[in-house]
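Enquirer: here is the input, now give the coordinates:
(chains A and B)
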Protein chains: 2
Amino acid sequence: MLSKSQIKYIQSLGHKKFRDETGLFIAEGPKIVNELLTEIPQLVKTVYGIKEWLDESRSLLGKSEFIEINETELERISQLSTPNKVLAVLHKMNYDKIVSANNITLVLDTIQDPGNLGTIIRSADWFGVKQIVCSHNSADMYSSKVIQATMGSIARVKIIYTDLEEWLEQQKVTIFAAALEGKDIRKMNRLTEGIIVIGNESKGIHPDVMQLAVEKITIPKPGRAESLNAAVATAIILSHIV
Amino acid sequence: MLSKSQIKYIQSLGHKKFRDETGLFIAEGPKIVNELLTEIPQLVKTVYGIKEWLDESRSLLGKSEFIEINETELERISQLSTPNKVLAVLHKMNYDKIVSANNITLVLDTIQDPGNLGTIIRSADWFGVKQIVCSHNSADMYSSKVIQATMGSIARVKIIYTDLEEWLEQQKVTIFAAALEGKDIRKMNRLTEGIIVIGNESKGIHPDVMQLAVEKITIPKPGRAESLNAAVATAIILSHIV
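Expert: Residues are numbered from 1 along each chain as shown, chains lettered A, B, ... in the order given. Sure thing, here's the model as predicted:
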């Protein structure tokens, strides 16, 4: 049985302000919670699960704190339109702020849709890209929609928010920028190191960031759509050149 | 000024039942409405726009019926969380039901997320794929979320709902099926004709459909994510083999 104040506290983690204040975030559903319990058990604060899920997840839970709740309580604390058996409260990752691009780094300039950011993190994890550098005004990696869209990959990709211009100026590897016109990604050699910059869903890459790129790269368009979804474009680029 | 019954009628088009009954659907926002007014003006029934948008879109509107509304009215009829200047009510496309796969056809087996379906339609349009065949239990192509995610490509890609097994059995071109294990798409020659089957977000392709495929194809995974988003996977496959 959850108290009113517990419910309020978990609900408040739906807001960035409270996530920043507490250093906590939420993940939901068996698929994602299972992955996080496996990959980053040390960051799991409390798991709130219905009996059915808890019973089948005892070994996975290990030493993590858990609380049994009923479906009604789950509905009240869930951020999902269809709550799904379990919700975990976790401590944010504690990455060091210094990232150097010694292999492949994905740089996101103002990706604003949380679903897109989460999907990009998932694709990066699929293609073995281990770090993503986001502009400060990108979607919050700890928002519920981002976490759900990563399908657990949030635990395996290092994500940093920083001033992109400042950071890019310090890097010594080649900077590629995704653009509507540029070098055909199908004709490029696969990269072993480098930085790939992806821009905002409607405005693309900011000119100040774009001028730091050494080469513009593009996805050839045999058809007629004006543009591709940002998460789709990112994944296509990774699939061709990483 | 819209009457209560007009508002109710437009709102009702948010439900599949009423879209099916009336043969109408909704598209919103300048970007998408502009594309539809350009590509399929004959299907536009009524455009509801705020003064600012109507003033700058007179030539685009041509002979289409339009009604000036205010921001409050737009908020009431909009399906978007952030209404955006204009909403159009359109007649559904009237495709003949007979589709033959003489070039490239994308087949979707139970894609359930409307955002994924819309994004797939947009990617198909980018890569020049002109027809998509969906199983009956796929998301409705006329739902607001699908239309918005297509960014206008809905007007350029022919989409049919049918019994997949029955349809696939009649086709004479090669059927490829996206799977977690199969032929590496990076090692395939580009196709000039053929069918590419994509499966459900969590369950993949139904076994009865899978057994009709001649070849399984896959996106190599150098990293660790268990799977890719369905719309992302579809676009990567198209970018490599179409």
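Enquirer: which residues of chain A fall in strands?
Expert: Assigned by DSSP state E, chain A shows strands spanning A:24-28, A:44-49, A:65-68, A:86-91, A:104-108, A:131-135, A:158-162, A:175-184, A:194-198, A:215-218.
Enquirer: please save the CA atoms from the second one in CSV.
Expert: The C-alpha trace of strand A:44-49 is given here as CSV (Å, rounded to 0.1, in the frame of the first residue of the first chain):
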residue,chain,number,x,y,z
VAL,A,44,17.9,1.0,-9.0
LYS,A,45,16.4,2.8,-6.0
THR,A,46,13.0,1.2,-5.7
VAL,A,47,11.0,-1.2,-7.8
TYR,A,48,7.2,-1.0,-7.6
GLY,A,49,5.6,-4.1,-9.1
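Enquirer: contacting residues for A:F25?
Expert: A:13, A:19, A:89-90, A:92, A:142, A:147 (CB atoms under 8 Å, 6 or more residues apart in numbering or on different chains). (Glycine included, C-beta is placed from N, CA and C.)
Enquirer: so can I have TSV of the strands of chain A showing mean pLDDT?
Expert: Listed next are those as TSV, based on pLDDT from 0 to 100:
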stretch	mean pLDDT
strand A:24-28	98
strand A:44-49	98
strand A:65-68	97
strand A:86-91	98
strand A:104-108	97
strand A:131-135	96
strand A:158-162	94
strand A:175-184	96
strand A:194-198	97
strand A:215-218	97
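Enquirer: which of the ones you listed sits most buried?
Expert: strand A:104-108 (a mean of 26; mean count of other CB atoms under 10 Å in any protein chain shown).
Enquirer: show me what that one is packed against.
Expert: helix A:114-126, strand A:131-135, strand A:194-198 (3 or more CB pairs under 8 Å, 6 or more residues apart in numbering or on different chains; DSSP states H and E).
Enquirer: any chance of these in CSV, plus distance to chain B?
Expert: Below are these laid out as CSV (distance: least, CB to the nearest CB, whole Å):
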stretch, distance to chain B
helix A:114-126, 4
strand A:131-135, 12
strand A:194-198, 13
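Enquirer: reformat those as JSON lines; add distance to A:S227.
Expert: Listed next are the helices and strands packed on strand A:104-108 as JSON lines, based on distance: least, CB to CB, whole Å:
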{"stretch": "helix A:114-126", "distance to A:S227": "13"}
{"stretch": "strand A:131-135", "distance to A:S227": "20"}
{"stretch": "strand A:194-198", "distance to A:S227": "12"}
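Enquirer: which of the contacts of A:F25 sits closest to chain B?
Expert: The shortest approach to chain B among the contacts of A:F25 belongs to A:I147, at 14.1 Å (CB to the nearest CB).
Enquirer: that closest one and A:I32 touch, don't they?
Expert: Yes: between A:I147 and A:I32 there is a contact under CB atoms under 8 Å: 6.8 Å.
Enquirer: any idea how many residues pack against the closest residue to A:T119 other than its chain neighbours?
Expert: Spatial nearest neighbour of A:T119, chain neighbours left out: A:A231 (3.9 Å); criterion: CB to CB, 6 or more residues apart in numbering or on different chains. For A:A231, the neighbour count with other CB atoms under 10 Å in any protein chain shown is 27.
Enquirer: ditto for the one 5 residues further on
Expert: A count of nearby residues for A:I236, using other CB under 10 Å, gives 26.
Enquirer: just the one 3 residues further on next, same as before
Expert: Residue crowding around A:S239 was assessed by other CB under 10 Å; the count is 24.
Enquirer: from A:T38, how far off is A:E65?
Expert: Counting by CB to CB, to the nearest Å, the gap from A:E65 to A:T38 is 17 Å.
Enquirer: got it, and A:I111?
Expert: With distances taken as CB to CB, A:I111 is found 27 Å from A:T38.
Enquirer: ok, those two, which is more surrounded?
Expert: Using other CB under 10 Å, the more surrounded residue of A:I111 and A:T38 is A:I111, with 24 against 12.
Enquirer: check contacts around the more buried one.
Expert: A:117, A:120, A:134, A:138-139, A:198, A:200-201, A:230 are the contacts of A:I111 under CB under 8 Å, 6+ apart.
Enquirer: can you do 6 Å?
Expert: Taking CB atoms under 6 Å, 6 or more residues apart in numbering or on different chains as the criterion, A:I111 is in contact with A:117, A:138.
Enquirer: how far away is it from A:S135?
Expert: Counting by CB to CB, the gap from A:I111 to A:S135 is 8 Å.
Enquirer: map the structural domains onto the sequence of chain A.
Expert: With domains defined by automatic domain parsing, chain A comprises A:4-91, A:104-241.
Enquirer: up against chain B, what does chain A have?
Expert: Within reach of chain B by CB under 6 Å from any CB of the partner chain, chain A has these residues: A:119, A:122-123, A:125-128, A:153, A:156, A:221-225, A:228-229, A:232, A:235-236, A:239.
Enquirer: still on that earlier bit, which ones among the contacts of A:F25 map onto helices?
Expert: Among the contacts of A:F25, DSSP state H puts A:19, A:147 in helices.
Enquirer: of the contacts of A:F25, grab the buried ones for PyMOL.
Expert: PyMOL command restricting these to the buried ones, with burial defined by 16 or more other CB atoms under 10 Å in any protein chain shown:
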select buried, chain A and resi 13+19+89+90+142+147
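Enquirer: done for today, thanks.
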